[in-house]
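> everything below, folded, please.
(one chain, ligands or ions: 1)
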Amino acid sequence: MRISVIGVGYLGAVHAAAMAELGHDVIGLDVDAARVVSLQAGRAPFHEPDFEEILQRGLEAGRLRFTTDYAELADAEVHFLGLGTPQRADGFGADLTYLEAAVTSLAGVIATRGGAPTLVVGKSTVPAGTARTLAGRLAHLPGTDLMWNPEFLREGFAVKDTLTPDRLVYGVAEPGAASADAQVALLDAVYAPLLAAGTPRLVMGLETAELVKVSANAFLATKISFINAIAEICEALGGDVTEVAAAIGMDDRIGRKFLRAGVGFGGGCLPKDIRAFIASAEDAGVGEALGFLREVDAVNQRRRQRVVELAREMLGDLRGRRITVLGAAFKPDSDDVRDSPALEVTARLMSAGAHVTVTDPAALANAARRVPGLHGEPDTDAALAGAELVVLLTEWREYRDFDPVRTRARVAAPRMIDGRTVLDPVAWRDAGWELRSLGRGEVPSADEAPAAEPVGASGQVPIAGR
Ligand code: UDX
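Numbering: from 1, shown residues only. A predicted model of the protein is given here:
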């Protein structure tokens, strides 16, 4: 099939290459000429396992190409919209201008097709109601329909998540109508190999499909902030959040995934998507329903500040102190620093006057563009040299595997904040480190522990629930 993908950022570029991998004839469009040149040359503009391989395979097979010119899209029967929906400048709400501009340009191209069947398929994460508005802008074009088919890919697993998704969600304007059947059949033809492999496919209304995506992200963010709230409690009461998470996660109803406590969630999706979800609920007059998401956001922000407070507890005044931060990316195996907790903590430590050196295996170039004056050092040993405090904020494998004895020999003073709760506290303390972990409280010593409640006069121990 002839397919276009409009907007070849992270989602769109991976989708375009993945559709070529399925055997389709794909053209990717972006207004960013540099990005188009890079992709056309077979170079990935971001760090993503397997992506460059399928990109090059598609280009070499002649099934994939990239352009900045909408006129070249006229042959395509199916157009995917992969445009970004960034956070609006006012902080809440999604900025839909890229998506709207693309649909306007696309409508001009579709008008030249003389009514030949054309399907426009939105993949971007949008507030519910967006798809129906965009469909209205295409309504004057005979033979043209719009579906919403949200994308759930994770960075670092983008190719795998696109080619072997957990489910395919199809939003249609009129579920159950004959027109919907034809649209579903066309999209089924695009995803035929995935469906043949048994991928579940769910057909629903446009608004429901949009809501599936934002609900999924809101749930994931809530799960992380839930465990981070428990981390705050653990720090105060002397518990260990990793043990709480492991134990509650064994209950199938809870599940162990997305219960890793630490400095919280970041990236290009979860933080902005929950804020946009709150804004859209408020616009709809049901803001109360998502009031808890403000709390989810607040817990997430508090974790970042907690790291700065811990640094002050360990060093006192931070002015002039030498701090080494391990990690800049918002998560390991990524060079993405959008809303990265690691980078924001770094910036806060810098504004508190500390001399901060940041190291990261992949994200330093992006980090330097975001934080003016950032001192990045790609060599880990060089970054650790002279540190009075080391702060682990992105749990790259190599940092998790650090040997506490060897690392001690590199720094000026063995102080560590484990912002992802991944280091073994016993091994690090045995090696002489002063270690503080997010989510692990100091266990009170026997003489600090509160005295036991005296047993009642009768000698009876009270039984809970009586
Ligand atoms: C997320 C969703 O997972 C994906 O389905 C959606 O399409 C886009 O947003 P992504 O942003 O790639 O994907 O990252 P993800 O792996 O979900 O991690 C998001 C953030 O949460 C990272 O900063 C990560 O460090 C943090 N996280 C994740 C935790 O702090 N604890 C966890 O247990 C899991």
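> the ligand contacts on this structure?
For the chain, the contact set with the ligand under C-beta under 6 Å from any ligand atom comprises 152-155, 217, 220, 224, 258-260, 262, 264-267, 269-270, 330-331. For the C-beta atoms, the positions are set from N, CA and C on the backbone; glycine is no exception.
> and the helices in the stretch 51-200 of the chain, which stretches?
For the stretch 51-200 of the chain, applying DSSP state H, counting those that start in this stretch gives helices covering 51-60, 97-110, 130-138, 158-163, 178-190, 192-196.
> distance from the chain centre to the second one, please.
Computed by C-alpha atoms, centre = their mean, to the nearest Å, the separation of helix 97-110 from the middle of its chain amounts to 27 Å.
> ok, now the last one?
Helix 192-196 has its C-alpha centroid displaced from the chain centroid by 27 Å (C-alpha atoms, centre = their mean).
> average model confidence for that helix?
Across helix 192-196, pLDDT averages out at 98.
> residues in contact with it?
Here helix 192-196 makes contact (C-beta atoms under 8 Å, 6 or more residues apart in numbering) with Leu22, Gly23, Leu163, Thr164, Pro165, Leu168, Asp188, Arg201.
> list the contacts for Asp161?
Neighbouring residues of Asp161 by C-beta under 8 Å, 6+ apart: Phe152, Leu153, Arg154.
> now restrict those to buried residues only.
Phe152, Leu153 (16 or more other C-beta atoms under 10 Å).
> quickly name whichever of the contacts of Asp161 is closest to Gly58.
Nearest to Gly58 among the contacts of Asp161: Leu153, at 17.3 Å, using C-beta to C-beta.
> chain neighbours aside, what residue packs nearest to the closest one?
Leaving aside its chain neighbours, Leu153 sits nearest to Asp161 (3.9 Å; criterion: C-beta to C-beta, 6 or more residues apart in numbering).
> how close does that neighbour sit to Ala387?
Remark: distance between Asp161 and Ala387 (C-beta to C-beta, to the nearest Å) = 37 Å.
> in which helix or strand would I find whichever residue of the stretch 301-450 of the chain sits closest to the ligand?
Residue of the stretch 301-450 of the chain nearest the ligand, by C-beta to the nearest ligand atom: Lys331 (3.8 Å). Using DSSP states H and E, Lys331 sits within no helix or strand.
> wait, it sits on Gly156?
Yes. With contacts counted by C-beta atoms under 8 Å, Lys331 reaches Gly156, the gap being 7.0 Å.
> now compare the contacts of helix 192-196 and name the two farthest from each other.
Farthest-apart pair in the contacts of helix 192-196 is Gly23 and Arg201; separation 18.8 Å (C-beta to C-beta).
> when these two are compared, which one has more neighbours?
Neighbours per residue (other C-beta atoms under 10 Å) separate Gly23 from Arg201, with Arg201 holding more: 16 against 13.
> spit out the contact partners of the closest residue to that one other than its chain neighbours.
In space, and not counting its chain neighbours, Arg201 is closest to Leu168: 4.4 Å by C-beta to C-beta, 6+ apart. Residues near Leu168 by C-beta under 8 Å, 6+ apart: Asn149, Tyr191, Leu194, Leu195, Thr199, Pro200, Arg201, Leu202.
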